[in-house]
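Student: test case, fold it:
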Amino acid sequence: MKAVTEKIYMIWVWTCFVVVFLLLYPFFVLFIQRESWKKYGHFMNRIWAHTVFYSCFLKTKIEWQFTPSSKQQYIYCANHTSFLDIPTICFALPGYNAFIGKASLAKLPLFGYMFRNLYIPVDRKSTRSRYDTMIQSLEKLSLGYNLVLSEWL
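Tutor: As a prediction, this is how the structure comes out:
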């Protein structure tokens, strides 16, 4: 019985994840059109994360070792070990956070379009891609954004 319940819950989580993304997708497309609007695209990701967490009854407790200042930029490095890590980061971190992620994410239907236009894809095997990632990261920092790196890169 436990295995069946877990499968039903997993289907529920994935359904919420996809349905909420599809409902927000027109806003993602709108907000990635201009650099000055991209912070609203990230805000849509925060809405996505909060909606999924609440609709899936996922309890999240945020404990800070320090208090982030809105007047400073940060580079966060996450120990990425599950599919919920990125939504958790969107849920927990304040401000606009530009993610640096695997270039393969940019190839996914719909999500890939949003990801490659809102965040920074990197192909670690390509010297050119790594260089472009550094340039884009410096640009994001100069605009006052935080960077989020993941160990799964």
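Student: give me the neighbour count for Phe57.
Tutor: Burial of Phe57, expressed as a neighbour count using other Cβ atoms under 10 Å, amounts to 9. From N, CA and C alone the C-beta is placed, and that goes for glycine too.
Student: secondary structure element for the residue nearest to Ala98 when sequence neighbours are not counted, which one?
Tutor: The spatial neighbour of Ala98 that comes closest, neighbours along the chain excluded (Cβ to Cβ, 6 or more residues apart in numbering), is Lys140 at 4.2 Å. Using DSSP states H and E, the secondary-structure element containing Lys140 is helix 127-142.
Student: by neighbour count, which bits of the helix or strand of the chain with the lowest mean pLDDT are buried? Give me those.
Tutor: Taking mean pLDDT, DSSP states H and E as the measure, the helix or strand of the chain with the lowest value is helix 85-92, at a mean of 84. With burial defined by 16 or more other Cβ atoms under 10 Å, the residues of helix 85-92 counted as buried are 86-92.
Student: tilt between the helix or strand encompassing Phe17 and helix 85-92?
Tutor: Secondary structure assignment for Phe17, by DSSP H and E: helix 2-31. Relative orientation of helix 2-31 and helix 85-92, computed by axes from the mean of the first three to the mean of the last three Cα atoms, to 10 degrees: 60 degrees.
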